[in-house]
Every structure is written in structure tokens, then in C-alpha cells.
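Engineer: Model the structure of this input:
(one chain, ligands or ions: 2)
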Amino acid sequence: METNQRVAVIGAGSWGTALALVLGDNGHDVNLWTHNKDQMALINDTNRNERYLPDTDLPASVKAYYELEKAIEGVSTIVFAVPSKAIREVAQNIEKVCKEPKVIVHVSKGIEPDSHLRISEILQQTLSEKTMKSMVVLSGPSHAEEVVKRHPTTVTAASDQLNASQFVQDLFMNQHFRVYTNSDVIGVEIGGALKNIIALAAGISDGLGYGDNAKAALITRGLAEIARLGTTLGANPLTFSGLTGVGDLIVTCTSVHSRNWRAGNMLGKGKNLDEVLETMGMVVEGVRTTKAAYQLARKHKVSMPIVQALHCILFDDVDPKEAVDQLMSRMKTHEMEGLVDILGEQIRN
Ligand SMILES: NC(=O)C1=CN([C@@H]2O[C@H](COP(=O)(O)OP(=O)(O)OC[C@H]3O[C@@H](n4cnc5c(N)ncnc54)[C@H](O)[C@@H]3O)[C@@H](O)[C@H]2O)C=CC1
Ligand SMILES: O=C(CO)COP(=O)(O)O
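Structural biologist: Ligands and ions are numbered 1, 2, ... in the order given. As a prediction, the model looks like this:
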């Protein structure tokens, strides 16, 4: 890779801004696109994105843009960092104005309800060869608040084209931000999307005051649900023991930075979903992904009791305490039930 690249980061929320900082630290020129004109002016005037990452000075090479066409002009790479619900619309707009093929990276964690498409599938459906040279997913345990403090963080660049994932590895990697490669795009996207559901559940459990045993149970049994659905959809089971599986699950279920955990915590303390989302003012991806995962579990007949319980709490107004009681009084079963097809018959004995 030539040392200096021009990169467009699409979305100036917490994560887009943090990744712009990493790229700027690495000597790249960054066009940070926002759909909010005032926010663009504020970032360019102050060199900060105070609303999302207070007290963080951005490298001088990060410039905010409002016009999409200008933001992507002359860049080698486009990084999609908008919430999953905005991906399709933003990609359609990029397709209209993009003049030559780019490396496409996405960092969003979600699955589209009803279509059940992963983010890379939505992008592949929307972007033509004129716009997209290759597609890479960048995911892992990485809260923006710690990345901008340059605390050690590790993530995975996944693509079915090794040279593309290595290009993205080189683009982002530095002393504080370590990037691995992986070829299992399905596993990386499913792990990243579904851990948000379990983080909501962990927040609820903490909000109810249930303590550490309950949280460990949610993380472990949550991972079993993620692995069951993920492998049914074609993922490599090993991916779920990596950064984008158990790694991201741990950080999101235990960190005060997690919006999903914080939203769950408020639900557990008795607030209703609308109040919680209004208070957050940032995306809580797990809500939308619960809908998609619940539909997928039913479609593929995969047992996902935690996802089912979350769905009841979020969309059927079931009291969180009652949902936990129902989870705990389910029919007794073997710990590895549903995982035997993945790992081999021997673990059952
Ligand atoms: N915040 C974090 O630490 C991490 C976030 N992610 C993922 O990155 C994605 C983005 O998350 P955040 O930056 O944290 O969200 P955020 O809530 O901090 O910011 C979202 C940004 O997208 C913009 N936006 C919303 N709807 C839009 C639309 N229709 N068109 C254009 N822009 C729109 C908002 O104005 C805002 O600037 C999510 O999928 C999240 O799961 C992944 C890893 C870490
Ligand atoms: O994906 C994340 C950390 O890896 C961010 O999680 P939250 O959206 O819950 O803050």
C-alpha cells in the first residue's frame, strides 16, 4: 500500500469519528461525512466532535464534509459508519455519485429485519462494480471512547478477498489499534450484530440487581445462541471464540460505554423502551437486531430462548422479571443441546 491514502468515513457519530482519528494518526487524509451541516461546521471550526466524543482533538488531516460527492472524490476507500438502519439509503446515495471503484469497508453491527440481510449483503445489493472494488467488514471489541484515548484495542478485518482484508489491516493498524484478518465474513457479521441483543439482556439483568452469576450465564448461554444461529447461516464455529464473537460479547455486556448495556440497564430499572431510546440519543442497535434474530430463529427453527425473552420484553411489554422467571423454568436440557451438529456428536457423551 502507498503510505498516504485518502479515505472517506461516512457517518460522524462516535464510531466514525473514532476511526477517523485512527486513520489520521496513521498519516491518512480523512474526509469525515455527516448529514448534518451544523455538525460539519462545528467539527471543522473546533477540530472536535464534542457531541459524540467530548474533549477529543482530532488530527489536522480529518476534515468534515456535508456533500457526499465531495466527501468521496479521489478517495481509495469508503468506510461506512452509520447505524444499520441508514446503510441502505446512504449506499444508494453513494451509488448515484461515485465515479470509480473503491475499497468498501463497513463497521456497522446489525441485521435488517424482514429481509434478514447482513450489512455486507445490503451493500452488495446496492453498490455496483462501478462503485465497489472489494468489501471488508471491520469488527471487534472496540468502544469509541477508549479508542480515542489510544488505549489498546484489537479488531478483525474480514473479507473473502485476502488482499482486501490485508489492505484494510494496513490502513488501520497502529501501536494502539491492532487489526487481524479473517475470511469468515458471515461469522464476523453475525457475532457483531447478535452480541448487542445479549448486551441488552445483561443490562436488564444488572438493572434488576441480579449480579455476576446471572451475567456470566447470559454471556455464555448467549454465545451458544449466537453460535447456533451463526453456524446455521454458514459461519465457521471457530469465529465465535474470537474477537468478533466472545471478545465483543464480553466488552459489550460488561462495559459502561456500551449503549446496548446502558439501554438494558434502564429497562431493568423500570423505564419503557421509548423513554430509554429518547434518553440515549445514540443508536442502540440491539433493539432492531432482536427483531431480525427472532425472525431468523423461527425461520430456521433454531432455539434462541434469550433472544425470545428479549423480544417479549421489547415488543410485547412483558415485565423483565417475569421474562427471567420464564427463562429459568424452561424444560431441563443438556448444556450442549443444539451445538452437537456444530462440534461433533462426541461432546454429547
Ligand atoms: N460506538 C462504538 O464504540 C462502536 C459502534 N459500532 C457500530 O457503528 C455503527 C454506528 O454507531 P455509532 O457511531 O456509535 O452511532 P452514533 O449514534 O454515535 O452515531 C450515528 C451517526 O449516524 C448518523 N446518522 C443517523 N441516521 C443517518 C442517516 N439516515 N443518514 C446519515 N447519517 C445518519 C447520526 O447523525 C450520527 O452522526 C453502529 O452500527 C454501531 O453498532 C461498532 C463498533 C464500536
Ligand atoms: O460494538 C461496540 C463495541 O465493540 C459498541 O457497542 P454499543 O453499541 O453497545 O456501545
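Engineer: what residues go with each domain of the protein?
Structural biologist: Described in terms of automatic domain parsing, the domain architecture of the chain consists of the residue ranges 6-183, 193-341.
Engineer: and the shortest one with ligand 2, contact?
Structural biologist: Yes: looking at domain 193-341 against ligand 2 by C-beta under 6 Å from any ligand atom, the contacts come from 196, 199, 248, 251-252, 257-260, 285. All C-beta atoms are positioned from the backbone trio N, CA, C, and that covers glycine.
Engineer: repeat for the first one
Structural biologist: Yes: Domain 6-183 reaches ligand 2 (C-beta under 6 Å from any ligand atom) through 109, 141-143.
Engineer: will you turn these into JSON lines that also has secondary structure and neighbour count?
Structural biologist: Written out in JSON lines, the entries for the residues of domain 6-183 next to ligand 2 read as follows (DSSP: H, G, I helix; E, B strand; the rest coil; neighbours: other C-beta atoms under 10 Å):
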{"residue": "109", "secondary structure": "coil", "neighbour count": "26"}
{"residue": "141", "secondary structure": "coil", "neighbour count": "22"}
{"residue": "142", "secondary structure": "coil", "neighbour count": "22"}
{"residue": "143", "secondary structure": "coil", "neighbour count": "20"}
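Engineer: In JSON lines, list these along with distance to residue 125 and pLDDT.
Structural biologist: Output for the residues of domain 6-183 next to ligand 2, formatted as JSON lines (distance: C-beta to C-beta, whole Å; pLDDT from 0 to 100):
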{"residue": "109", "distance to residue 125": "18", "pLDDT": "98"}
{"residue": "141", "distance to residue 125": "28", "pLDDT": "98"}
{"residue": "142", "distance to residue 125": "26", "pLDDT": "98"}
{"residue": "143", "distance to residue 125": "30", "pLDDT": "98"}
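Engineer: on that earlier part again, would CSV of the residues of domain 193-341 next to ligand 2 with neighbour count, secondary structure and pLDDT be doable?
Structural biologist: CSV is the format used below for these (neighbours: other C-beta atoms under 10 Å; DSSP: H, G, I helix; E, B strand; the rest coil; pLDDT from 0 to 100):
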residue, neighbour count, secondary structure, pLDDT
196, 31, helix, 98
199, 32, helix, 98
248, 27, helix, 98
251, 21, helix, 98
252, 28, helix, 98
257, 14, coil, 97
258, 23, coil, 98
259, 22, helix, 98
260, 27, helix, 98
285, 26, helix, 98
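Engineer: Pick out the residue nearest the middle of the chain.
Structural biologist: Closest residue to the average C-alpha location of the chain: residue 109 at 2.5 Å, with C-alpha atoms, centre = their mean.
Engineer: Does it touch residue 196 like I think?
Structural biologist: Yes: counting by C-beta atoms under 8 Å, a contact exists between residue 109 and residue 196, whose distance comes to 6.1 Å.
Engineer: For the two, list the residues in contact with both.
Structural biologist: When C-beta atoms under 8 Å, 6 or more residues apart in numbering defines a contact, the residues bordering residue 109 and residue 196 alike are 285, 289.
Engineer: Can you list the low-confidence ranges for the stretch 201-349 of the chain?
Structural biologist: In the predicted model of the stretch 201-349 of the chain, residues 340-349 satisfy pLDDT under 70.
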